[in-house]
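Student: got a sequence here, can you model it:
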Amino acid sequence: MESSALILESAKIMIVGMATVFSFLCFMIFFLKAQGWFLTRFFPQAKAASARSGAKISDETLGKIALKAIDEYKKRRG
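Tutor: Down below sits the predicted model:
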């Protein structure tokens, strides 16, 4: 008899604990979404300055950049 009462009491505690965690997580999601909305609304992010927006890099230039990156990596690695 006493073991079933203990199991029932532990189930109640588990349900209360899980409800508390679930409530906190829901509140946290709501708060973070509201914070994101507020920050983007009143403090918009400045766009990065570039010479030409949408500028295309040629395959030749991209290949040179990749080779230079590989060389730098090998130099640092030894």
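
Student: count of residues packed around Phe42?
Tutor: Number of residues near Phe42 (other Cβ atoms under 10 Å) recorded here: 7. In short, each C-beta sits where N, CA and C put it, glycine included.

Student: check which helix or strand covers Leu25.
Tutor: Taking DSSP states H and E as the definition, Leu25 sits inside helix 2-42.

Student: tell me the centre residue of this structure?
Tutor: With distances taken as Cα atoms, centre = their mean, Leu32 lies nearest the centre of the chain, 11.6 Å away.

Student: who's in contact with that one?
Tutor: Applying Cβ atoms under 8 Å, 6 or more residues apart in numbering to Leu32 gives no contacts.

Student: now do it, the pLDDT please.
Tutor: Looking at Leu32, its pLDDT reads 97.

Student: against Leu39, how distant is it?
Tutor: Counting by Cβ to Cβ, to the nearest Å, the separation of Leu32 from Leu39 is 11 Å.

Student: again, but for Lys75
Tutor: As for Lys75, its distance to Leu39 is 41 Å (criterion: Cβ to Cβ).

Student: what about these two, which has more around it?
Tutor: Remark: of Lys75 and Leu39, Leu39 carries more neighbours, 11 against 8, as counted by other Cβ under 10 Å.

Student: can you tell me how far the more buried one is from Lys33?
Tutor: Distance from Leu39 to Lys33, counting by Cβ to Cβ: 11 Å.

Student: just the element for Pro44, please.
Tutor: Of the helices and strands defined by DSSP H and E, none includes Pro44.

Student: neighbours around it, how many?
Tutor: For Pro44, the count of nearby residues is 8 (other Cβ under 10 Å).

Student: now do the phi/psi pair for it.
Tutor: phi -60, psi 150 (degrees, to the nearest 10).

Student: all good on my end, thank you.
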